[in-house]
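Engineer: Here's my sequence, what's the structure:
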Amino acid sequence: EFSTFEMTSTAKITSIQESGEIGWTGNVIFAHGTNEDDGKTTVEIDGEIVQATNGGHVLQTDDYTKTTVGKNGNIHHNSCYYGALYLNGENEYLDFYGKVNNNYSTNRGGGIVLANNGGAKTAIMYEGAEVKGNIAKETGGGIMVSVGSFTMKGGEISGNIAGGEGGGVYVRRGGQFMMQGGEIKNNSTAAFGGGIAYSANDYSGFTPYVDIQKGAISDNLMSATVTWDGLDTIAADGVSNDLAIAGNDYGKSDRYLKIDSAAKIGYPDVYFVTNTKTVTPAILDIKLGNASIDSVTALTGKSTANGW
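Structural biologist: Here you go, the predicted model:
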């Protein structure tokens, strides 16, 4: 059997609490499908969800579900654990037209999380959508992408804060992020990757990459000073940094950060955690990644042999 949940534009869910009279810990909405459902388990959010402090997620989906956050969907000012919207299983789909703004996560992913549990997940962000002002105590202030793909066709990811990697977006563990439009701007992290942080590690057979085709990335900061105060957390100072590559794995032909010439990068220096260096591409339409240990050893040996 399958199930549906529909929240219309005039509907509102508010003040779901972790303690007090309600005394409940969990998710505001939880959806779970099965293979036999064939994607018929659906969640449609076109209303407002605000001030949930329930200790879980605003929405968690597990397996074979299709979620739509409509243009009037507004998920804001909630305190959660590990993502306001949390896609957790396999064959999960999210069409995102609305707003996920000003949410606070005590762990990773202030706004939207594609988790590394289960199988592939697919999310698409459309023109007019917003992921703004979210805060993650750890990584992925706005969005965290693990096993699965997130395509940004338009919209805005801005003003998000992370204590760890990825003020705007953090891609890791087999995650794939494609930017085809929109803006990623004014995000901050206490670590690296003010706009996008990319970690090139495979996971459960999935290969990660970042493909920046179009759109604009600008005015993002790393090494910011973060003053933690829940939803009132602020970030100050910092160093200009739109793109960063973590040092925990090496690039390959299918595992990379790619920047097309049609994209606009405000601060072109890509920060590499390995050797804490920056690389400024002389041209775009380029793939970037860390060199493997074997490559470094071979090149070092050849350089020494030739007296370079």
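
Engineer: these two touch, right, A200 and Y256?
Structural biologist: Yes. The pair A200 and Y256 passes the contact test of Cβ atoms under 8 Å, sitting 7.5 Å apart. The C-beta positions use only the backbone N, C-alpha and C, and glycine is treated the same way.

Engineer: Neighbour count for those two, which is higher?
Structural biologist: Neighbours per residue (other Cβ atoms under 10 Å) separate A200 from Y256, with A200 holding more: 24 against 20.

Engineer: Now list whatever residues contact both of A200 and Y256.
Structural biologist: 209, 289 (Cβ atoms under 8 Å, 6 or more residues apart in numbering).

Engineer: Now for N27, how many residues are close by?
Structural biologist: 19.

Engineer: List the contacts of it.
Structural biologist: Contacts of N27 (Cβ under 8 Å, 6+ apart): 54, 56-60, 86.

Engineer: From those, pick the one nearest D95.
Structural biologist: L59 (13.3 Å; Cβ to Cβ).

Engineer: okay, now the residue lying closest to that closest one once chain neighbours are set aside: neighbour count?
Structural biologist: In space, and not counting its chain neighbours, L59 is closest to I29: 4.6 Å by Cβ to Cβ, 6 or more residues apart in numbering. When neighbours are defined as other Cβ under 10 Å, I29 has 21 of them.

Engineer: Quick one: residues contacting I29.
Structural biologist: By Cβ under 8 Å, 6+ apart, the contact list for I29 reads 5, 43, 45, 58-60.

Engineer: now do A197
Structural biologist: Per Cβ under 8 Å, 6+ apart, neighbours of A197: 139, 165-167, 169-171, 189, 191, 244-246.

Engineer: related to what we said a few turns ago, may I see the contacts of N27 arranged in JSON lines, with neighbour count and distance to G119 as well?
Structural biologist: Listed next are the contacts of N27 as JSON lines, based on neighbours: other Cβ atoms under 10 Å; distance: Cβ to Cβ, whole Å:
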{"residue": "N54", "neighbour count": "21", "distance to G119": "27"}
{"residue": "G56", "neighbour count": "21", "distance to G119": "22"}
{"residue": "H57", "neighbour count": "27", "distance to G119": "19"}
{"residue": "V58", "neighbour count": "25", "distance to G119": "23"}
{"residue": "L59", "neighbour count": "27", "distance to G119": "19"}
{"residue": "Q60", "neighbour count": "24", "distance to G119": "16"}
{"residue": "Y86", "neighbour count": "27", "distance to G119": "15"}
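
Engineer: Going by residue numbers, what spans are helices in this protein?
Structural biologist: 293-305 (DSSP state H).

Engineer: Quick one: low-confidence residue ranges for the protein.
Structural biologist: 1, 18-25, 36-39, 250-251, 282-284, 291-308 (pLDDT under 70).

Engineer: Just give the number of residues close to T139.
Structural biologist: There are 24 residues near T139, going by other Cβ under 10 Å.

Engineer: So what's the residue count around the spatially closest residue to it that is not a sequence neighbour?
Structural biologist: Closest residue in space to T139, ignoring its immediate chain neighbours: G164 at 3.8 Å, by Cβ to Cβ, 6+ apart. Look at G164: counted by other Cβ under 10 Å, it has 20 neighbours.
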